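>>> quick one: sequence plus predicted model below, questions after.
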Amino acid sequence: MSYVTPIVLLNIRICQSHFTIKASVIPTMDASSSCPQWKYDVFLSFRGEDTRNSFAAHLYDALCRRGIHTFIDDSKLRRGWCLEELVKILESKTSMEEVLPIFYNVDPSDIRKQKGEFGKAFNGLVKNLKGEKMERVKIWKKALTQAANIAGEDSRNRHEPTLIKKIIEEISNKVFSRYSSYDNNLVGMHSCIQEVESLLCTVGIIGICGIHSIGKTTLADAVYKKISHQFECSVFLENVGEDFRKQGLIGLQKKLLSLLVDDGNLNIKGCTSIEGRLCWTKVLIVLDNVKDGAILEFLTANQDSFGPGSRIIVTTTEKDLLISHSVKYYEVRFLKKDEAMEVLRHYSSKHELPKDDSMELSVRIRNYAQGLPLALKVLGSSLFRMEKLEWRSHLDKLNSCPHPEINQVLQISYDELDYKSKNIFLDIACFLNREDKDHVMEILEACGFFPICGIRTLLDKSLLTISNSKFEMHDLIQEMGMEVVRQKLSW
């Protein structure tokens, strides 16, 4: 069963001798779910062809351009909202709902007191009523008064584009502020989001870096959803590295511009076209999984092609790309123990395991994953539905045989290394993990592996860290390296 929540936008106006009541509702929610399942951000309904082709059309277009998922009624649906529906909207209002009346070419006090031209039209409707319908008049008047008493927008003597812009900003602030509150993927990321936002307050372009599967894309997406409503145009481009490989820089620029200006038939001429179309537009751009320095070179050299206040976020596994182009960055860390347990509670709550068994399983998964979100997700989603003997067996097996799904993702970073760097990585994984770094460097130098640049590569890809003058690998990264060697030996 569904019910409507939480923002209702009402446009009440006079059209000849009858009322036009336009309402938009945000959004629908499944009552059986613990968190909202959004279908629409805004439900836009109205009465009158004059409104359809003017104010309503412009408002709908502005909502969609801002990324607010909007439903608008079509010719197949009954148009308009009667007074009874206004009553229902106000009666069904809950603590999650907010109401924003828009008084379109009508004085709110005329609505409140049913006077003036509005009063004449209302009285004209009332005088034709009989019987039971006449008993509803007091309820209608109460609803009209209640709607008029809510702080809203008055369109009289207002520049319509300015009014629509103000409405969009208000709705955006209310809609987008709710999304992150219900996202189970954001456990342990709220402080990360704040740090990324702080970086964005100081510079126009920032990077988010870390190993594959650490949560870079999830973090960038969360920030994007939280702040995109503050920009005139916004775009989130996934897997940019692959697009660049197939289409080159010009192809990527064309795709970016076409999405920002909503035009698929562009004749683009590099950064000149971008500057010509967007130099006065405040944009938010997220480029996910950037691998090539040419993209960062273009972005850093052409920041002025976008309007004042524009922001660009780049996610990458290549920290050296960010450093070499003087881009400030946030490096995503592994989850802490308590954060990992919170992630696992999301999965354990779906299954009725005995409390002690659930705790044992959670602790073992946490210890194995060591804060890697992908491992927590993969193991949590599969093991909690198993019987105790089965999940114990699976966990014991992981001690000698890495999980293929986790290993496959982690190995992407290894596959991107050059031959010498691969040898360094495998030697450390198999023999030199947690050994004194100076001693390791001497060994690698003697092997002719050029360890100074090779170690830097491993550090930049977050495949290796230095702690207390020792090289250290995350256990799952080390396992991945050892599995690479096992596979080679089995050929």
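Great, that's in hand.
>>> CA only for contacts and neighbour counts going forward, please
Noted.
>>> could you pull out the helices in the stretch 351-491 of the chain for me?
Listed from the start of the chain, the stretch 351-491 of the chain has helices (DSSP state H, counting those that start in this stretch) covering 355-369, 373-383, 388-398, 404-415, 419-427, 437-446, 451-460, 475-489.
>>> among those, which is nearest residue 98?
In this view, the helices of the stretch 351-491 of the chain are compared for proximity to residue 98 by C-alpha to C-alpha, and helix 373-383 is the closest at 35.4 Å.
>>> residues making contact with the closest one?
Identification of contacts with helix 373-383 by C-alpha atoms under 8 Å, 6 or more residues apart in numbering yields 213-215, 334-335, 340, 343-344, 347-348, 365-366, 369, 391, 405-406.
>>> pull out the buried members of the residues you listed.
Neighbour-count burial within the contacts of helix 373-383 applies to 213-215, 334-335, 340, 343-344, 347-348, 365-366, 369, 391, 406; the criterion is 16 or more other C-alpha atoms under 10 Å.
>>> and these, which two are the farthest apart?
Taking C-alpha to C-alpha, the two most distant members of those are 215 and 391; they sit 25.7 Å apart.
>>> where does this protein dip in pLDDT?
Along the chain, the model assigns pLDDT under 70 to residues 1-39, 45-50, 73-82, 92-97, 176-185, 262-273, 275.
>>> longest single helix anywhere in it?
Among the segments of the chain that qualify as a helix by DSSP state H, the longest is helix 240-261.
>>> please identify the buried residues of that one?
For helix 240-261, the buried set under the neighbour-count rule, 16+ other C-alpha under 10 Å, comprises 240-241, 243-244, 249, 251-258, 260.
>>> hang on, the earlier thing: need the helices of the stretch 351-491 of the chain in JSON lines with distance to residue 98, can you?
JSON lines is the format used below for the helices of the stretch 351-491 of the chain (distance: least, C-alpha to C-alpha, whole Å):
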{"stretch": "helix 355-369", "distance to residue 98": "40"}
{"stretch": "helix 373-383", "distance to residue 98": "35"}
{"stretch": "helix 388-398", "distance to residue 98": "47"}
{"stretch": "helix 404-415", "distance to residue 98": "44"}
{"stretch": "helix 419-427", "distance to residue 98": "56"}
{"stretch": "helix 437-446", "distance to residue 98": "59"}
{"stretch": "helix 451-460", "distance to residue 98": "47"}
{"stretch": "helix 475-489", "distance to residue 98": "48"}
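>>> which one of the ones you listed lies closest to residue 54?
Shortest distance between residue 54 and the helices of the stretch 351-491 of the chain, using C-alpha to C-alpha, is found for helix 373-383: 48.4 Å.
>>> what angle do that closest one and helix 404-415 make?
Between the axis of helix 373-383 and that of helix 404-415 there is an angle of 160 degrees, by axes from the mean of the first three to the mean of the last three C-alpha atoms, to 10 degrees.
>>> quick one, strands of the stretch 51-200 of the chain?
70-72, 98-103, 153-154 (DSSP state E, counting those that start in this stretch).
>>> please list the residues outside the shortest one that contact it.
It stands for strand 153-154. 100-108, 163, 167.
>>> find the nearest non-adjacent residue to residue 281, please.
Nearest-residue entry for residue 281: residue 307, 4.4 Å, with adjacent residues in sequence omitted and distances by C-alpha to C-alpha, 6 or more residues apart in numbering.
>>> in stretch 387-398, what counts as buried?
388, 391, 395.
>>> dump these to TSV, plus distance to residue 197.
TSV is the format used below for the buried residues of stretch 387-398 (distance: C-alpha to C-alpha, whole Å):
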residue	distance to residue 197
388	43
391	40
395	38
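>>> nearest to residue 294, out of those residues: which one, please.
Set against residue 294, the nearest of those by C-alpha to C-alpha is residue 395 (43.5 Å).
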